[in-house]
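> With the input below, show me the fold.
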Amino acid sequence: MGTGPNTAVRSTSGRPGTSSSSGARGHVPVSRDTTRGDAAEALWNGRPPTVLLIEDDPGDALLVEELVADSEVPLRLSLARTLAEAVTALEAEVPQCILLDLHLPDAQGLEALERVLVHSGGAAVVVLTGLAEEQAGLAAVAAGAQDYLIKGRVEPDLFVRAIRYAMQRKHTEQAASALQTSRLRAQENARLERGLLPTPLLLDTTVAICARYQPGRSQALLGGDFYDVVQTPDGMTHAVVGDVSGHGPDEAALGVCLRVAWRSFVLAGARGQQLLTLLEQMLVAERSGPEIFATLTCLTRSPAEEHMNLQRAGHPGVLIRSPETGVRLEEVPGGPVLGLLPGQASWPVTPVPAHRQGAVMMFTDGLIEGRTGTGHERLGEHGLLELARRHAHEPAETFVDTLIHSAQTLAASGGGLADDVAVLHLEWNGAT
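You can find the predicted model right below:
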């Protein structure tokens, strides 16, 4: 701070007309010249800061009161004579600055500082030391205090400046800590997103993939939407789009776990009911609580066949595109969400007609649950179908991006799309 850690305090005798702080606990009466009040309050952005003095010596408490009064700067000063009183006061209201004597009846030295820091919240802490205890002040700053003052060697203006600088230093420390936390969260989210958004494992060029992932408007909370595509040596294309309930790193990590498990199970030969049973077992084993569930749709198709097999576990339907008939919505019979009835549910596999040069778009519910006006009406699957039919002849990337943009535009009056959006578009070229 500008006054430096060696800011000193000059001892002054009591002034006539100045109230002593050795009386009852609470706010210390502070005299000040009201003719300078407006200019003084401007120093604190119009809000006099709250300061808690933790001091058991009546003379030293009076000294602080006089310094505040002589500075003619408005402060809301209150007094606690013991650490126990201070803790009670801090539980009721956290001040902006704490002035701490290191020699209290119930705590001494750095132990007193450590205990105050536990309860200080966002308050700056300035330690008060004796003339022969400057090393103790330096040690206090190293242990977490924002500054120290030597009793009996400070001028009023420098005293108040020390408080202001300590508060600013505390604010800067908190901002730096928040920035570091934000960076770490962004790095963690990036790692989770890389796990949620894989590189499709394709063995040939019979199918083209267009995928999009867009976090919802609450960027601080990553969701658990995921997708994946793999081809197996028998020429089959397998795809999944899923959504873990909730938001946050736990749900995102579970989404990564399910995606990796799905790819592993598919490559190991699991299909149909067995595949979803294994995924549910993985979900139950890895989830943080019984309330967590996941929805998903699985697809399997051979390029030589004019149908695809779909499985649905509590998930929205899919859009199927055909060069002859346009776009249609397929909502095949399905089973419950994964994790609702562990070990008891079944998920039928349903063949669905598909043109050999057609396409399918799978998506999570974040795309269709945005509000489309000021009321409670949402886009829904059929609203999405109407949008898709207007752009049925667009190429894959334009088709997908237009649908996402249209859904965002419709939801704009309600704040945009609140949930994450994952979209997976697969298009076959008819090769056998």
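> Which strands or helices does the lengthiest strand in the chain pack on?
Looking across the chain with DSSP state E, the single longest strand is strand 237-247. On a contact count with 3 or more CB pairs under 8 Å, 6 or more residues apart in numbering; DSSP states H and E, strand 237-247 meets strand 223-231, helix 249-267, strand 294-301, strand 359-363, strand 421-428. Just so you know, the C-beta spots here come from the backbone N, C-alpha and C atoms, and that holds for glycine as well.
> so which of these gets nearest Gln96?
Evaluated over those, closeness to Gln96 peaks at helix 249-267, with 32.7 Å, by CB to CB.
> Which of the helices and strands packed on strand 237-247 sits closest to Ile150?
Here helix 249-267 is closest among these (CB to CB), at 46.7 Å.
> List of residues touching that closest one?
With contacts defined as CB atoms under 8 Å, 6 or more residues apart in numbering, helix 249-267 is touched by 188-189, 192-193, 195-196, 198, 201, 222-228, 230, 232, 238, 240, 242-245, 275, 278-279, 282-283, 286-288, 292, 294, 296, 298.
> Next: stretch 320-332.
310-312, 316-319, 348, 350, 352, 354-355, 357-361, 381-382, 384-385, 388-389, 392, 399, 427.
> CA atoms of it as CSV?
Extracted as CSV, the C-alpha positions of stretch 320-332 are listed here (Å, rounded to 0.1, in the frame of the first residue of the first chain):
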residue,chain,number,x,y,z
ILE,A,320,-35.0,-38.4,-40.7
ARG,A,321,-34.2,-36.7,-44.0
SER,A,322,-35.0,-38.3,-47.4
PRO,A,323,-34.2,-36.9,-50.8
GLU,A,324,-37.7,-38.0,-51.9
THR,A,325,-40.0,-37.3,-49.0
GLY,A,326,-38.3,-34.5,-47.1
VAL,A,327,-38.1,-34.5,-43.3
ARG,A,328,-40.1,-36.5,-40.8
LEU,A,329,-40.0,-37.0,-37.1
GLU,A,330,-39.5,-40.5,-35.8
GLU,A,331,-40.5,-41.3,-32.2
VAL,A,332,-40.0,-45.0,-31.9
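> Quick check: mean pLDDT of that stretch?
Averaged over stretch 320-332, pLDDT sits at 94.
> do stretch 151-159 as well
The pLDDT scores in stretch 151-159 average 80.
> buried ones in it?
For stretch 151-159, the neighbour count (16 or more other CB atoms under 10 Å) marks 151, 154-156, 158-159 as buried.
> Show me where this structure dips below the pLDDT cut-off.
1-46, 131-132, 188-196, 217-222, 373-375, 431-432 (pLDDT under 70).
> In it, where's the longest helix?
Ranked by number of residues, the top helix in the chain under DSSP state H is helix 156-196.
> for the next helix or strand along the chain from it, the distance to its chain's centre please.
Using DSSP states H and E, the next helix or strand after helix 156-196 towards the C-terminus is strand 207-214. Averaging C-alpha positions (CA atoms, centre = their mean, to the nearest Å) puts strand 207-214 27 Å from its chain's average.
> Now do the buried residues in strand 207-214.
Under the neighbour-count criterion of 16+ other CB under 10 Å, strand 207-214 has 207, 209-213 buried.
> Turn those residues into CSV, including distance to Leu67.
Formatted as CSV, the buried residues of strand 207-214 follow (distance: CB to CB, whole Å):
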residue, distance to Leu67
Val207, 78
Ile209, 71
Cys210, 70
Ala211, 66
Arg212, 63
Tyr213, 59
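> returning to that earlier point: for Gly335, find the nearest of the helices and strands packed on strand 237-247.
Minimum separation from Gly335 across the helices and strands packed on strand 237-247 (CB to CB) falls at strand 294-301, 10.5 Å.
> how big is the angle separating the next helix or strand after that closest one from strand 237-247?
Per DSSP H and E, the first helix or strand lying C-terminal to strand 294-301 is strand 307-313. Angle, strand 307-313 to strand 237-247, by axes from the mean of the first three to the mean of the last three CA atoms, to 10 degrees: 20 degrees.
> In PDB, please show the C-alpha coordinates belonging to strand 307-313.
Taking C-alpha atoms only, strand 307-313 is exported to PDB below (Å, rounded to 0.1, in the frame of the first residue of the first chain):
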ATOM      1  CA  HIS A 307     -33.600 -49.100 -42.700                       C
ATOM      2  CA  MET A 308     -31.900 -48.200 -39.400                       C
ATOM      3  CA  ASN A 309     -32.400 -49.600 -35.900                       C
ATOM      4  CA  LEU A 310     -33.300 -47.100 -33.200                       C
ATOM      5  CA  GLN A 311     -33.400 -47.500 -29.400                       C
ATOM      6  CA  ARG A 312     -34.700 -44.700 -27.200                       C
ATOM      7  CA  ALA A 313     -34.400 -44.300 -23.400                       C
END
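> helices or strands next to that strand in the packing?
If you count contacts as 3+ CB pairs under 8 Å, 6+ apart, strand 307-313 packs onto helix 272-286, strand 294-301, strand 350-353.
> ok, Glu377 - contacts?
Arg371.
> go on, Val352?
Taking CB under 8 Å, 6+ apart as the criterion, Val352 is in contact with 307-310, 320, 330, 332.
> export the residues you listed to CSV and tack on neighbour count and distance to Ala143?
Formatted as CSV, the contacts of Val352 follow (neighbours: other CB atoms under 10 Å; distance: CB to CB, whole Å):
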residue, neighbour count, distance to Ala143
His307, 14, 71
Met308, 23, 66
Asn309, 20, 65
Leu310, 26, 63
Ile320, 21, 66
Glu330, 17, 65
Val332, 16, 64
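> What is the end-to-end distance of stretch 263-279?
Taking CA to CA, to the nearest Å, stretch 263-279 runs 10 Å from one end to the other.
> What residues of it count as buried?
Here stretch 263-279 shows 263, 265-266, 270-271, 275-279 as buried, counting by 16+ other CB under 10 Å.
> what does stretch 352-366 give?
In stretch 352-366, counting by 16+ other CB under 10 Å, buried: 352, 354-356, 358-366.
> what does stretch 168-187 give?
Neighbour-count burial for stretch 168-187, with 16+ other CB under 10 Å as criterion, is recorded at 169-170.
> chain center to that stretch, what's the gap?
13 Å.
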